[in-house]
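> Model the structure of this input:
(chains A and B)
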Amino acid sequence: MSTTSAGLEFHDVTVAYGRRPVLWNVDLTVPGACLFGIIGPNGAGKSTLLKAALGLVPLAGGEVRILGAPLEQVRSRVGYVPQRESVDWDFPVTVTDVVLMGTYARLGWLRRPGPRERSLAAECLDRVGLADVADRQIGRLSGGQQQRVFLARALAQQADVYFLDEPMAGVDARSQERIFRVLSDLRAEGRLVVIVHHDLRSVAEWFDAVALIDMRLVATGPVAEVLTPENLRRTYAGRLDVLDEIGRAVAEGGRTP
Amino acid sequence: MMEFDSTHLWMHFWAIATAATVSAGCALVGSFLVVRRLSLLGDAISHAVLPGIVLAVLAGGRPGGAGVFLGAVVAALVTVWLTNLLGTHAGLAEDAGAGVAFTTLFAIGVVLVTALASRVDIDPGCVLYGILELVPFDTVPIVGLEVPRALLAAATVLVVLVVAAALCWKELVFTAFDPAAARAAGLPVSLVSAGLLVATSLATVASFEAVGAILVVAMLAVPAAAAELLVRRFHRMLLVAVALGVAGSIVGYLAAWHFNTNAAGMIAVVLGIEYLLAAILAPGDGIVARMASRESLRWRVACEDRLASLWRAEEGDAAALAPRTLVDRLAQARLVFGGRIVPGRAGGLTDIGREEARVIVRSHRLWEAWLGRHVALPLDHLHPPAEWIEHHLGAEVRGRIAADLEGDVGDPHGRDIPPEEFPRRAANEPTR
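Presented below is the predicted three-dimensional model:
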């Protein structure tokens, strides 16, 4: 992969739902090959930032570049692990079926997954420690196992940049350890891993760099420099009423009091 | 019952073939709708196509002709578009949006049909209930055979649907399961979703004449919902749904013939019965399977409680409770038969029985000790939860709990926790 350019760049990105901005003027550069955390309180716009990078929500302003190029040019090199609650786990598919979906985009129209894709899927399942449940229906897995299935599907995409949305939510300690190990391996292979995360305790242990987000970028940089009491207070305590009020005024086409 | 001659038999054959073909197409599309939790969309579309059909007929299209087909598909897409519009711009929830859009369009259709009754040859009754029995009278010749036009339309649609599903299989399944990830991976999710809507309108319109607007919903949703209960893989669900749809159509038609009633209605009733049977008999989650699993647990608990009670009696704490209830007595008999309890009135534990009983009591006291250590619970509240959990602890978790207790070998009531492995006495160790 081209490690010369930055892995991920947000240039003055603003995201709005309807007309109401929920994420203001994020300007952020993530270097290549690291574990990068997007940290912030509930409703801070962490997932929204991720979805903006993936083109899943439209930008109201600004630009996102991945591996130095617009998303459309590098889509096949981007892997995504959505929040576990975003899908219906009663869907009638097996663990292997889901992992194989990671190979679909590369296969293109009309081609079916063959022996090569199947062995890749088996390999990815092995990496996340789920080889023994490969044929199980996904609804019969624990939360941690379901999250690892999603991770295995992203691995099967063989991407260079991975986006994970709350991969540790509702996940047991053992699965969490396993997931972090796989992600560290990805970094060691020279890939960029961007993780929306809310557990501050594990940040220092696993992450290289973070961005603190609360409707806007509060601070970004190496973990040791960013996780200062002052920055955390500004992220978690200082709910910015002014952004809320302006956002509402913009949405209603009116004026703030 | 009707007359039994060869002309009639042909008629019935054509009607059944039409119903089965229509049903197969609906089950195919319906499977995708059911797993995407969009069954109601089938309902919406099947109603909303009415004004499209009326306007197409008014514009000179023949009922069942290609022009009418097109009109219906356009009306279906307008419904979906309206639903989205109401959702994004009027702030209406999606189901409410669909509710507003399709009822309004259907109502417009009803108004048009009745207002233009003189110029439009559509019977409102047959729009609702269909006229399967009359299908064989409207035929087109194909290689010397008079084939019903409705069957021809349904078969064409079925072929189109099967080919489309086979070609876009990967995209359809990924989009249905996880649209966001599919979109992020670069699959044309909007196109696939729109395609599914067009397929739904095609299946609906092809079924319209045979089964009507209301019963086509049954054909879309019921076989697929039943199949979802029965199998755990999507491609199998599709095949089972189609099989159930076809079987329901044949059985329903024959039943209607026998009872001399509306065929489409009877088919829907039979499909409903199929669903009921699936819900009762489904492996794993069916009502019967769940009852069986509950009873088998009750039975295991009774046996284990019996063993534990005898073990405690041997420990000298309490007298063994005599079996009282019927289940207790059966459990006692079963344990005697299985060599866990010595036969006869005294009825002590055999060696195997003692091993098993020890594990139960160990589980019980480990759990009491664990609760005593980690949960703020009064001493006299520890027994009931342990009575419940003792039946569900396995060796590995018992080991973890024991390790957590750090060699504390007593339970909170001061009794010994029996060891996991029976301690083998060395030959020279004196017996106590």
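> Okay, buried residues for the helix or strand bottoming out on mean pLDDT in chain B please.
Within chain B, no helix or strand scores below helix B:124-129, which has a mean of 71 by mean pLDDT, DSSP states H and E. Across helix B:124-129, burial judged by 16 or more other C-beta atoms under 10 Å in any protein chain shown covers B:126-127, B:129. No exception for glycine: its C-beta is placed from N, CA and C like everyone else's.
> Run the chain-centre distance for that helix.
Put simply, helix B:124-129 sits 30 Å off its chain's centre (C-alpha atoms, centre = their mean, to the nearest Å).
> What are the contacting residues of that helix?
The contact list for helix B:124-129 (C-beta atoms under 8 Å, 6 or more residues apart in numbering or on different chains) reads B:50, B:109-110, B:113-114, B:208-209, B:211-215, B:262, B:264-265.
> Format the CA atom coordinates belonging to that helix as CSV.
Only the C-alpha atoms of helix B:124-129 are listed here, as CSV (Å, rounded to 0.1, in the frame of the first residue of the first chain):
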residue,chain,number,x,y,z
PRO,B,124,-64.2,-4.4,-8.1
GLY,B,125,-65.1,-7.7,-6.5
CYS,B,126,-62.7,-9.6,-8.6
VAL,B,127,-60.0,-7.0,-7.8
LEU,B,128,-60.3,-7.9,-4.2
TYR,B,129,-60.9,-11.7,-4.3
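> Which element is encountered next along the chain beyond it?
Where DSSP states H and E defines the elements, the next helix or strand beyond helix B:124-129 is strand B:139-142.
> Residue ranges in the stretch 251-400 of chain B under the pLDDT threshold?
B:317-321, B:345-346 (pLDDT under 70).
> quick one: the strands in the chain?
Looking at chain A here, since you left the chain open. A:8-17, A:20-30, A:35-39, A:59-66, A:78-81, A:161-165, A:192-197, A:209-213, A:217-222 (DSSP state E).
> other chain: chain B
According to DSSP E, chain B carries its strands in the segments B:139-142, B:145-148.
> In the last one, which residues are buried?
By that I understand strand B:145-148. Within strand B:145-148, the residues scored as buried using 16+ other C-beta under 10 Å are B:147-148.
> same deal with the first one?
Buried positions in strand B:139-142, judged by neighbour count with 16+ other C-beta under 10 Å: B:T139.
> how deep is the residue of the stretch 151-257 of chain A found nearest chain B tucked in, by neighbour count?
With C-beta to the nearest C-beta as the measure, A:Q157 is the residue of the stretch 151-257 of chain A nearest to chain B, at 6.7 Å. Residue neighbour count, defined by other C-beta atoms under 10 Å in any protein chain shown, stands at 26 for A:Q157.
> Show me which residues of the stretch 201-350 of chain B are close to chain A?
B:228, B:231-234, B:236-237 (C-beta under 8 Å from any C-beta of the partner chain).
> from these, which would you call buried?
Applying 16+ other C-beta under 10 Å to those flags B:228, B:231-232, B:234, B:237 as buried.
> closest to B:A154 among the residues of the stretch 201-350 of chain B next to chain A?
B:M237 (21.9 Å; C-beta to C-beta).
> Relative to B:G338, how far out is that closest one?
41 Å (C-beta to C-beta, to the nearest Å).
> okay, now the domains of chain B?
In terms of domains, chain B is parsed into B:6-282, B:290-404 (source: automatic domain parsing).
> Would you mind finding the most buried of the ones you listed?
Greatest average neighbour count among the domains of chain B goes to domain B:6-282 (a mean of 20), per mean count of other C-beta atoms under 10 Å in any protein chain shown.
> Next to chain B, which bits of the stretch 101-250 of chain A? Give me the list.
By the rule C-beta under 8 Å from any C-beta, the part of the stretch 101-250 of chain A lying against chain B is A:101-102, A:104-105, A:107, A:109-110, A:112-113, A:137, A:153, A:157, A:163.
> The residues you listed, buried ones only, as a PyMOL selection?
Buried residues within these, by 16+ other C-beta under 10 Å, are selected in PyMOL with:
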select buried, chain A and resi 101+102+104+105+113+137+153+157+163
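> okay, the residues of the stretch 101-250 of chain A next to chain B in a markdown table with pLDDT next?
Listed next are those as a markdown table, based on pLDDT from 0 to 100:
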| residue | pLDDT |
| --- | --- |
| A:M101 | 95 |
| A:G102 | 94 |
| A:Y104 | 93 |
| A:A105 | 90 |
| A:L107 | 89 |
| A:W109 | 80 |
| A:L110 | 82 |
| A:R112 | 89 |
| A:P113 | 92 |
| A:Q137 | 92 |
| A:R153 | 96 |
| A:Q157 | 93 |
| A:F163 | 96 |
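> Out of the residues of the stretch 101-250 of chain A next to chain B, list just those in helices.
A:101, A:104-105, A:107, A:153 (DSSP state H).
> Can you give me the pLDDT of whatever residue of the stretch 1-150 of chain B ends up closest to chain A?
Closest contact between the stretch 1-150 of chain B and chain A, by C-beta to the nearest C-beta, is at B:V35 (5.8 Å). We note a pLDDT of 93 for B:V35 in this prediction.
> Likewise for the one 10 residues further on?
Note for B:I45: predicted pLDDT of 82.
> and if you look at the one 4 residues further on?
Looking at B:V49, its pLDDT stands at 81.
> can you check B:G64 too?
At B:G64, the model reports a pLDDT of 63.
> about what we covered before: pick out the most distant pair among the contacts of helix B:124-129.
Among the contacts of helix B:124-129, B:T114 and B:G265 lie farthest apart (C-beta to C-beta), at 22.8 Å.
> The longest helix along chain B: how far from the chain's middle?
Scanning chain B for the helix with the most residues, using DSSP H, yields helix B:189-230. Mean-position distance between helix B:189-230 and its chain equals 17 Å (C-alpha atoms, centre = their mean).
> Outside of stretch B:16-23 itself, which residues are in contact with it?
Contacts for stretch B:16-23 (C-beta under 8 Å, 6+ apart): B:132, B:135, B:148, B:150-151, B:154-155, B:158, B:206-207, B:210-211, B:219, B:223, B:245-246, B:248-250, B:252-254, B:263-264, B:267.
> Contact partners for the closest residue to B:V100 other than its chain neighbours?
Spatial nearest neighbour of B:V100, excluding adjacent residues (C-beta to C-beta, 6 or more residues apart in numbering or on different chains): B:L86 at 6.0 Å. Counting by C-beta under 8 Å, 6+ apart, B:L86 makes contact with B:92, B:96-97, B:100-101.
> re earlier: could you verify my assumption that the residue of the stretch 1-150 of chain B closest to chain A touches B:A227?
No. With contact defined as C-beta atoms under 8 Å, B:V35 and B:A227 do not form a contacting pair (10.1 Å).
> Identify the contacts common to those two.
What both B:V35 and B:A227 touch, as defined by C-beta under 8 Å, 6+ apart, is the set B:M237.
> by how many degrees do the worst-scoring helix or strand of chain A on mean pLDDT and strand A:8-17 diverge?
The weakest-scoring helix or strand in chain A, judged by mean pLDDT, DSSP H and E, is helix A:241-252 (a mean of 74). Inter-element angle recorded for helix A:241-252 and strand A:8-17: 60 degrees (by axes from the mean of the first three to the mean of the last three C-alpha atoms, to 10 degrees).
> which residues of the stretch 151-300 of chain B fall in helices?
Per DSSP state H, counting those that start in this stretch, the stretch 151-300 of chain B carries helices over the ranges B:169-177, B:179-184, B:189-230, B:234-259, B:263-281, B:287-315.
> Output the shortest one in CSV, but only the C-alpha positions, please.
Presented in CSV, the C-alpha positions along helix B:179-184 are these (Å, rounded to 0.1, in the frame of the first residue of the first chain):
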residue,chain,number,x,y,z
PRO,B,179,-27.4,-2.8,3.6
ALA,B,180,-24.9,-0.4,5.2
ALA,B,181,-22.0,-2.8,4.9
ALA,B,182,-23.1,-3.7,1.4
ARG,B,183,-23.1,-0.1,0.4
ALA,B,184,-19.7,0.6,2.1
